[in-house]
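Colleague: below are the sequence and a predicted model for it; my questions follow.
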Amino acid sequence: MLQPPADLLELVEEDVNRPVSEDKLDRLKAMGVEVMQVKNEITQLEKVLQEKQAKFQRLVSNEMPALFEETRTDRLGLPEYDIDLVLTNYYHANIAADWPEERREAAFAWMEEQGHGDLVRVIVSVTFGKQELSEAKMLAEHLRTKFGYLPTVQKTIPWNSLTAWLKEQVEKLHRVPPLELIGATVGKVVKPKERK
């Protein structure tokens, strides 16, 4: 183990033994109080931001779409903001990685049975130690036989690909797949659009 130079140790000992002025300690304490005040302000602002985001989502995803439907309109002009609020279709789908394996497999099986298996991606992964860079570069099929590693094989569909597929199914083909099975949501949402 490397030892620090003797003169460095002497400097550290001198610094430790030198008295600190009360003025500097008071300034340090004041800064510490300021740090905690700013930290608390940030926490409060983050809480307010979360509340505002939740309110915004409630308005544009639930309350306004329902009122747009009741009034049989799909656009509301707000010239004072130079925007229009437009009712549009909303789609989102995601076979989540944290779902139980049986649920994920059922979703993938359904997609394949319906002829949409081309959306499924297969990920093969294996973990190496930091000294095993050359082994990591070997082809996946040699891992088991040559090095004894057991790769993980996982299916996935990128959420954006699945969402685009869902939108096409509903809008172009007028088919609604089993939404819960594929982790999907279909609905209406209000979006602000700048006026041209």
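Modeller: Arrived safely. Numbers count the residues shown, from 1 in each chain.
Colleague: would you agree Ile95 falls within a strand?
Modeller: No. Read with DSSP: H, G, I helix; E, B strand; the rest coil, Ile95 is coil and lies in no strand.
Colleague: look at the closest residue to it other than its chain neighbours and say how many residues are nearby.
Modeller: Using C-beta to C-beta, 6 or more residues apart in numbering and skipping the chain neighbours, the partner closest in space to Ile95 is Ala107 (4.7 Å). Backbone N, C-alpha and C define where each C-beta goes, glycine included. Each residue near Ala107 was counted by other C-beta atoms under 10 Å, and the total is 26.
Colleague: tell me the contacts of Ala107?
Modeller: When the contact criterion is C-beta atoms under 8 Å, 6 or more residues apart in numbering, the partners of Ala107 are Ile95, Trp99, Leu181, Ile182, Gly183.
Colleague: ok, of those residues, which one's closest to Ala54?
Modeller: Lowest distance from Ala54 to the contacts of Ala107 (C-beta to C-beta) belongs to Gly183, with 21.3 Å.
Colleague: now the closest residue to the closest one other than its chain neighbours: phi and psi?
Modeller: Spatially, and ignoring its direct neighbours in sequence, Gly183 is nearest to Asn94 (4.8 Å; C-beta to C-beta, 6+ apart). In terms of degrees, to the nearest 10, the main-chain angles of Asn94 are phi -160, psi 120.
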